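>>> Okay, sequence plus prediction incoming.
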Amino acid sequence: TVEKVAGTVDVGTTATAATAIDSLTTLNVIDNADNVTVTAAAGTRVLNLGLNKVTAGTISDAEATGLKIAATGANSSGITLSAAKATTIDFSGDKTVSLDIGNAAAQAANLVITSTNSAGVTLATNALDTDVTFTGAAGKDSVIVGATTKTIDMGAGDDTVEVTTALGTNGKLVGGDGTD
């Protein structure tokens, strides 16, 4: 089921959606395990992405310059996110979300990732690029880093950082409160 309401698209149970809406500002993916692709004209646009019980698939938006990802309803995992122009990704919500943001080439230069998600954010499979900044929240966050030159601040919560190689110049890991 694909429904459009004033700049908002809702994708329901096991629906593959290809959505061509230049002004799309909100995409809610609910109880889904298939691919969802947003096709829009180039330009500054933040996509508000709602995730609720998403269990697989790739969510693609090649033109979004920012993402606000809210995990609500039920936990979501197994997602691949493809949004190489997004220079900011902000996580919120009260359910866990686990996704892969792609390898270094798929991450925007100087990407800033922040989270206020109270349950936890896991950025799985690929390491954050060396110029990505991450600031976690009270949830159980998990990231993979390599030779980062930025600060990775996990925030409160019982967090995990997998380090694949020595940190780069000015690279810093901050564990925050909780067991890290």
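Looks like it came in fine.

>>> buried stuff in stretch 24-33?
24, 26-33 (16 or more other CB atoms under 10 Å). The way it works is simple: take the backbone N, C-alpha and C, and place the C-beta from them, glycine included.

>>> Render the CA-only coordinates of that stretch in PDB, please.
What follows is stretch 24-33 as a C-alpha-only set of coordinates in PDB (Å, rounded to 0.1, in the frame of the first residue of the first chain):
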ATOM      1  CA  LEU A  24       8.500  14.700  -0.500                       C
ATOM      2  CA  THR A  25       9.300  15.600   3.100                       C
ATOM      3  CA  THR A  26       8.000  12.600   5.000                       C
ATOM      4  CA  LEU A  27       8.200   8.900   4.300                       C
ATOM      5  CA  ASN A  28       6.800   6.400   6.700                       C
ATOM      6  CA  VAL A  29       7.800   2.800   6.200                       C
ATOM      7  CA  ILE A  30       5.700   0.400   8.300                       C
ATOM      8  CA  ASP A  31       5.900  -3.400   8.700                       C
ATOM      9  CA  ASN A  32       7.900  -3.700   5.500                       C
ATOM     10  CA  ALA A  33      10.900  -5.900   4.300                       C
END
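
>>> Which members of the buried residues of stretch 24-33 occur in strands, if any?
Among those, DSSP state E puts 26-32 in strands.

>>> so which pair among those residues is furthest apart in space?
Spatially, the most separated pair among those is 26 and 31, at 17.2 Å (CB to CB).
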